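**Q** Generate a structure from the sequence data that follows.
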Amino acid sequence: MGAIDSSVIAAITAPHLLYAFVWFLPALWRQVFSKPVRAFQTSATVLKVLQVVILLRWYSVKSQHEGLKGLNLMKVPMGQWGAFFLCVFLGQVLNIAVYRVLGEKGVYYGSRLGKKVAWHKEFPFNLVSHPQYVGAVLTITGFSALVYGQAPQGAMTLAGYWASLYAVTALQEQFL
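**A** The predicted structure is shown next:
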């Protein structure tokens, strides 16, 4: 078994391929779905659930294969706990704020899918560009900090790859 199973790479990549498809081909998405925003939300949610299930399965199987006993939370140093709580908290504050400001239509590319979505400049958009993606990267970083030192081989590389996908998605939305 390699360091990172191809199913994990596929599961982490799939939502970003969906985002790109809807971003670059919104007319086609609208032709296929009568409620394109709802279809996008449902598709993205299903892919995210599969992503978590496949990632947790990989983590468990890979840990056992490497003779790791699983994550022992009692052995996690306080600094790692601090990084975990800080990053996950800040990441989720950004994600929740994006949903509160934009709503379903805004989060799920409503402006690309024929819906009127107002442009917002207040928090969290006045803090960082693409706060939802920054929030996701912070959450990934927080969980990576928590498992660091007890994670199977490839876990940190996988986290870096996952974060880079959010950067690519942000860039495509920003410039393309």
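**Q** any idea which element residue 97 lies in?
**A** Per DSSP states H and E: residue 97 is located in helix 78-107.
**Q** so after that helix, what's the next helix or strand?
**A** Toward the C-terminal end, the helix or strand that comes next after helix 78-107 (DSSP H and E) is helix 131-147.
**Q** How about the residue nearest the centre of the chain, nearest residue that isn't a chain neighbour?
**A** Nearest to the centroid of the C-alpha atoms of the chain, with distances taken as C-alpha atoms, centre = their mean, sits residue 136, at 4.9 Å. By the measure of C-beta to C-beta, 6 or more residues apart in numbering, the closest residue to residue 136 outside its immediate chain neighbours is residue 166, 5.3 Å from it. Heads up, the C-betas are built off the backbone N, CA and C, glycines and all.
**Q** and the gap between that neighbour and residue 155?
**A** When distance is defined by C-beta to C-beta, to the nearest Å, residue 166 is 17 Å away from residue 155.
**Q** Residue 48 now?
**A** In this structure, residue 48 lies at 19 Å from residue 155, with C-beta to C-beta as the measure.
**Q** Looking at these two, which is more packed in?
**A** A side-by-side neighbour count of residue 48 and residue 155, using other C-beta atoms under 10 Å, places residue 155 first with 22 against 13.
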